[in-house]
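Participant: give me a 3D structure for the following:
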Amino acid sequence: MAIKPLGDRVLIKPLAEKEEKIGNIYIPDTAKEKPNEGEVVAVGPGKVTDDGKTVPMQVKVGQRVLYGKYSGTEIKEGGQEYLIVRESDILAIIE
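Facilitator: I've put the predicted structure just below:
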């Protein structure tokens, strides 16, 4: 992967939503909400405090996480969509 997050940022690959069907009506992609579950692809080294110490990251590569609906910055790399968020924007780790 050519993208390495800095500081307390995390690179997330959003997980695809399942196709939704209500009765005989399919919900188009444009009407679906953004996924807020993803897989951690890369993590930064951690947040640097005012006294120069690095606080280690709590999330690790490969974990599934829940993140805020409007969190982060969307980017595209190699035809795949990713999201860069701060670790504080991650709501939970899914085990």
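Participant: quick one: secondary structure of the residue most central in space within the chain?
Facilitator: The chain has Ile12 as the residue nearest its centroid, 3.2 Å off, counting by C-alpha atoms, centre = their mean. With DSSP: H, G, I helix; E, B strand; the rest coil as the basis, Ile12 sits in strand.
Participant: you'd agree it is up against Arg64?
Facilitator: No - counting by C-beta atoms under 8 Å, Arg64 is not a contact partner of Ile12; they are 9.6 Å apart. All C-beta atoms are positioned from the backbone trio N, CA, C, and that covers glycine.
Participant: what do those two both touch?
Facilitator: Taking C-beta atoms under 8 Å, 6 or more residues apart in numbering as the criterion, Ile12 and Arg64 both touch 38-40.
Participant: got TSV for these, with neighbour count too?
Facilitator: Converted to TSV, the shared contacts of Ile12 and Arg64 look like this (neighbours: other C-beta atoms under 10 Å):
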residue	neighbour count
Gly38	24
Glu39	15
Val40	21
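Participant: if you look at the residues you listed, which of them are in strands?
Facilitator: With strands taken from DSSP state E, the overlap with those comprises 38-40.
Participant: quick one on the thing from earlier: look up how far Gly62 lies from the residue nearest to the centre of the chain.
Facilitator: 12 Å (C-beta to C-beta, to the nearest Å).
Participant: any common contacting residues for these two?
Facilitator: In contact with both Ile12 and Gly62: 39-40, using C-beta under 8 Å, 6+ apart.
Participant: so where's the protein shaky on pLDDT?
Facilitator: 1, 17-24, 26-35 (pLDDT under 70).
Participant: and the strands in it, which stretches?
Facilitator: 9-14, 21-22, 25-26, 37-43, 47-48, 54-55, 64-67, 73-77, 80-86, 90-94.
Participant: in CSV, list those strands along with distance to Ala2.
Facilitator: Output for those, formatted as CSV (distance: least, C-beta to C-beta, whole Å):
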stretch, distance to Ala2
strand 9-14, 11
strand 21-22, 37
strand 25-26, 36
strand 37-43, 10
strand 47-48, 23
strand 54-55, 23
strand 64-67, 22
strand 73-77, 7
strand 80-86, 11
strand 90-94, 22
